[in-house]
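[1] Next comes the sequence, and after it the predicted model I'd like to discuss.
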Amino acid sequence: MKKKVVLRGLLGFPLGIAIGYIITILASLVWGEGFYSPCVPGLIEQMGSEINAVILQAALSGLLGSAFAASSVIWEIEDWSIAKQTGIYFAITALVMMPVAYFAKWLEPTVLGILKYFGIFTLIFIIIWVVQFLVWKSKIEKMNQGIEKKREEV
């Protein structure tokens, strides 16, 4: 289990950077008015230059990717209930996401800004969880139907 956590964490780092980069491209397409914006202006200002800001954001995105990937082993612990798996996975990812978002200046550093960001994170988490649940439920139902069909043939 520990080996899986480490390997997934290592693989998650470049994946986190890639996803972060894709998000900056999409955000620039929506809000950039024809320009590419690699990170928020507040981060550039804080870091003293655009390259320093981009390096920090890439490292934070990699850390985020590592956390999501490494903690995904939780879904493979068969003696835990789905509620326990979900709660622990949510707690781990939120505990990493919120400081990363704060340091990357992705959220407004006020109580309201933090609560809004946490609310958005929670909403996205719930949507993805429900979609995944429905996909797996459908796959399991199809497998059970296949098993039942084979039993009827025998």
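    Okay, I see it. Fair warning: this is a prediction, and the values are worked out from it, not measured in the lab. Numbering: from 1, shown residues only.
[2] Walk me through the domains of this structure.
    2-106, 110-154 (automatic domain parsing).
[3] just those domains: most buried one?
    Scoring the domains of the chain by mean neighbour count under mean count of other C-beta atoms under 10 Å gives domain 2-106 as the most buried, with a mean of 15. Yep, even glycine has a C-beta here, placed from its N, CA and C like the rest.
[4] Give me the distance between the two termini of that domain.
    End-to-end distance for domain 2-106, by C-alpha to C-alpha, to the nearest Å: 31 Å.
[5] Kindly provide the whole-number mean pLDDT of that domain.
    What domain 2-106 shows for mean pLDDT is 94.
[6] other SSEs contacting the longest helix belonging to the chain?
    For the chain, the helix with the greatest residue count under DSSP state H is helix 111-153. For helix 111-153, the packing partners by 3 or more C-beta pairs under 8 Å, 6 or more residues apart in numbering; DSSP states H and E come out as helix 82-103.
[7] quick one: residue 11 from residue 76, how far?
    15 Å (C-beta to C-beta, to the nearest Å).
[8] try residue 61
    Taking C-beta to C-beta, one finds residue 61 at 25 Å from residue 76.
[9] How about residue 130?
    20 Å.
[10] Then residue 113?
    According to C-beta to C-beta, residue 113 and residue 76 sit 35 Å apart.
[11] Ok, residue 34 next?
    Residue 34 is 45 Å from residue 76, by C-beta to C-beta.
[12] Likewise for residue 154?
    32 Å.
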